[in-house]
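Student: model this:
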Amino acid sequence: MRRLAGLLLSALLVASCAVHGLDFVATSAIQITSPANRASVLLPLQITWTAPSIHSSPDGPYFAVFVDRAPVQPGQSLRALADSSCNSTPGCPDVSYLADRFVYVTDTTSVTVDALPAPIAASRSTIGDLHQATIVLIDGNGRRIGETAYTVEFRAAGDHVGA
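Tutor: Prediction:
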């Protein structure tokens, strides 16, 4: 009887420690085709990818490309990127507001980046001005879908600094 009670208690403890609601499934739904990882690029830069298993509708999914910044958290809306002025403005954040913050939303498989954020850390200049683009899926309401993200790093050459 003690042994059965011990097994039952162990099962309850293990079940109470389980993590729920996360989706860490390895997937290759998106393949970044350009730029190549760690490539040296000139601006304007076109970031392209393939996504043959993703079929968009008016409700999404859409692609959100974050350049040199962390993407929103899974389930979080792009509204989390808005400041108080934007939050009090109907229709904000819009595509232009987000692009000014190096976030590009599209229903196609490419974005053109005309400028890159200015380096904020002294260490960036020591590694050859390395930049990063991260692609995530969002729904029609601008909320991130799942935990999966696709990233490419690249080095910028020439005059490229943004605002």
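
Student: can you confirm A80 is in a strand?
Tutor: No. Under DSSP: H, G, I helix; E, B strand; the rest coil, A80 sits outside any strand and is assigned helix.

Student: and it, what does it touch?
Tutor: Applying C-beta atoms under 8 Å, 6 or more residues apart in numbering, one finds that A80 lies in contact with 72-73. Where C-beta positions appear, they are placed from N, C-alpha and C, glycine not excepted.

Student: now do 10 Å
Tutor: Residues in contact with A80, defined by C-beta atoms under 10 Å, 6 or more residues apart in numbering, are 72-73, 93, 142-144.

Student: Buried ones among those?
Tutor: Listed as buried from those are 72, 93, 142-144; burial here means 16 or more other C-beta atoms under 10 Å.

Student: Which ones among those lie within helices?
Tutor: Judged by DSSP state H, the buried ones among the contacts of A80 include no members of helices.

Student: Which two of those have the greatest separation?
Tutor: Greatest spacing in the buried ones among the contacts of A80, by C-beta to C-beta: P93 and R144 (14.2 Å).

Student: related to what we said a few turns ago, among the contacts of A80, which one sits closest to T33?
Tutor: R144 (22.4 Å).

Student: correct me, but that closest one touches L81?
Tutor: No. Using C-beta atoms under 10 Å, R144 is not in contact with L81; the gap is 11.3 Å.

Student: overlap in contacts of the two?
Tutor: 64, 71-72.

Student: For R155, state which of the residues you listed is nearest.
Tutor: So of the shared contacts of R144 and L81, ranked by how close each gets to R155 (C-beta to C-beta), first place is P71, at 21.2 Å.

Student: Leaving out sequence neighbours, find the closest residue to that closest one.
Tutor: Among residues not flanking P71 along the chain, V136 sits closest, at 4.7 Å (C-beta to C-beta, 6 or more residues apart in numbering).

Student: mind listing the strands for this protein?
Tutor: Applying DSSP state E to the chain gives strands spanning 31-34, 39-41, 45-50, 62-67, 103-106, 110-113, 130-138, 150-156.
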